[in-house]
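Engineer: sequence unknown, structure follows:
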């Protein structure tokens with residue numbers, strides 16, 4: 001499954017680089033605040049749905065592209081969020 005989870009290459013609101021933990025807190029804050037998301041079908045794993053969003057922290061910054069999927073590891077029965085992408089958008 002190809003992913004680009006690279007928060008350490010993206011500047012946060014304080015102009016520091018995101019940490020992995022900081023990226024997850026940022027994603028949680030976006031979801032809890034109702035930030036717009038788009039549902040997308042994944043090719044890998046086939047038949048699974050992910051959610052993608054973009055956000056711009058400052059007018060001079062490029063947009064951050066984020067993609068996550070809800071699911072559970074096989075046989076675990078535990079709900080998890082899988083991070084697929086966290087990087088600057090190639091379209092901004």
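Structural biologist: Yes, it's here. Quantities reported herein were computed from a predicted structural model and do not represent experimental measurements.
Engineer: Please give me every residue in contact with residue 51.
Structural biologist: Counting by C-beta atoms under 8 Å, 6 or more residues apart in numbering, residue 51 touches 37-40, 67-70. All C-beta atoms are positioned from the backbone trio N, CA, C, and that covers glycine.
Engineer: ditto for residue 69
Structural biologist: Residue 69 sits next to 42, 48-51, 81-82, 84 when contact means C-beta under 8 Å, 6+ apart.
Engineer: can you list the weak-confidence ranges in the chain?
Structural biologist: 1-2, 92 (pLDDT under 70).
Engineer: tell me the residue furthest from the middle of it?
Structural biologist: No residue in the chain sits farther from the centre than residue 75, which is 24.6 Å out by C-alpha atoms, centre = their mean.
Engineer: Next one: the residue nearest to the spatial centre of the chain from residue 23, what distance?
Structural biologist: Taking C-alpha atoms, centre = their mean, the centroid of the chain lies closest to residue 66, which sits 2.9 Å from it. Remark: distance between residue 66 and residue 23 (C-beta to C-beta, to the nearest Å) = 8 Å.
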